[in-house]
Structure formats: structure tokens, C-alpha cells
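Colleague: no FASTA, just this:
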């Protein structure tokens, strides 16, 4: 599979009505990709916009996925367990967080990152019922931008393992207000991430009636 890399045009005029209120913004900033099963299995539940006209495939073996749900909560996952484990360890050291042996075992089973690192030890030790009551989302606010810390750590590990930076993919819930989508795009630019894929759910219009 191959990935199409498109640079932002200076004066875009394209739009995709079936991708929600921020479709035009998305299209001018990145490449769309059809969501495939092996990525969807372990990802947080995001109601992706659908498209029947644009799809791309990729052959990267190392990538990071940033997911944003309708409540503007941010999640992060790596397709390589080594990268994800290293991201957590590095960010934990930066915040002087330590894990017990049992928490380390739970961490290995965590399919994606969904907690403030300062609350992660308590989340790992909690029951499933208690976890559902805990605030979800990786912080990405001024003064506590843990998402930037994770991305930086993941890119460094990817460079060491594969001699190249991990590719970034974005999943946004179609109900996410456009102001939050735009803020994410500005954040990506501030992190020097100029190429990334936006994930969309492929829908064959011939069978959608």
C-alpha cells in the first residue's frame, strides 16, 4: 500500500460536503485515508466522517495516531508497542512518575493512551468500573502539553528504530466542533508536523441506499 503526500495549496477551493462542517478545512490541510480494520481494532471509539470519493493507502510500518472524540478529548496510540512503551516511560520520567510492577503489566495491555500521566498510575490500578468514572484525555494545553511530549518521544524512538520519524495520522469525530478541529491543525503546525493523514470511513455510495 502507498500513501499520498499532498502539500497544502495556498488558495484551496475544494470541499467535501459529506465530511461534516469542517470538511473544507480538512481537505486543504492533508491527505484523506480510508480507515482499515487493523487500525480500528484497538483505537478509541471515534465516529469518523465518511467519504466515497477520496481514499488512500499506506505502507508505513511505524505511525502514531492522534484521536479526538466529540467532546474534544485527545487520545494517542502507536502501532509499534516499543514506541508506545518508550513514550510513556519518557513522559513519566519528565513528570517524576513511577509505576509499580503490576502497573507496568497493565500498561503493556493499554491499547492507547487516554490519561494525564499524573493520573495514569491510579488509572492502571483501578478496576474497569472505576476507570470509566475517571477523566479521559491526554492534556495538550499551554503549560501541560503532554501530547507534544509524547509525540516528541515517539518520534525520537522511531528515528532510532527505523531511521525515520513516525508518520502521524489524525482521527476526528465528525461531531467535533470546527473550532477544535482548527486548533488541532494549528497545533500540528506548531509542532512542525506538516504532513499527516486524516482518517475517514470509506463508504461505497453504490450500496449506501
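Modeller: Yes, it's here. Everything quoted here is computed from the prediction, not taken from an experiment.

Colleague: mind listing the strands in the protein by residue range?
Modeller: Taking DSSP state E as the criterion, the chain carries its strands at 31-34, 50-51, 63-68, 74-78, 140-141, 144-145, 167-172, 197-202.

Colleague: Let me have those in TSV, extended by distance to residue 125.
Modeller: Heads up, the C-betas are built off the backbone N, CA and C, glycines and all. Formatted as TSV, the strands of the chain follow (distance: least, C-beta to C-beta, whole Å):
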stretch	distance to residue 125
strand 31-34	36
strand 50-51	39
strand 63-68	24
strand 74-78	20
strand 140-141	25
strand 144-145	22
strand 167-172	28
strand 197-202	32
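
Colleague: Quick check: which of these is nearest to residue 129?
Modeller: Evaluated with C-beta to C-beta, those place strand 74-78 nearest to residue 129, the distance being 20.1 Å.

Colleague: ok, residue 157 to residue 77 distance?
Modeller: From residue 157 across to residue 77, the span is 14 Å (C-beta to C-beta, to the nearest Å).

Colleague: cool, residue 195 as well?
Modeller: Residue 195 is 19 Å from residue 77, by C-beta to C-beta.

Colleague: now swap in residue 132 and tell me
Modeller: Distance, residue 132 to residue 77, using C-beta to C-beta: 19 Å.

Colleague: hmm, back to that, between residue 195 and residue 77, who's got more neighbours?
Modeller: More crowded of residue 195 and residue 77, by other C-beta atoms under 10 Å: residue 77, with 24 against 15.

Colleague: Pretty sure that one sits against residue 84.
Modeller: Yes: at 6.6 Å, residue 77 and residue 84 qualify as touching, with contact defined as C-beta atoms under 8 Å.

Colleague: I'd guessed residue 202 sits against residue 51; true?
Modeller: Yes: the criterion here is C-beta under 8 Å, and residue 202 meets it with residue 51 at 6.7 Å.

Colleague: The two: who's more crowded?
Modeller: residue 51 (21 against 17).

Colleague: quick one: that one and residue 198 touch, right?
Modeller: No: using C-beta under 8 Å, residue 51 is not in contact with residue 198; the gap is 9.9 Å.

Colleague: is the one residue sitting closest to the centre of the chain in a bridge, and if so with what?
Modeller: Centroid-nearest residue in the chain: residue 66, 0.9 Å away (criterion: C-alpha atoms, centre = their mean). Residue 66 forms beta bridges with residue 76, residue 170, as assigned by DSSP bridges.
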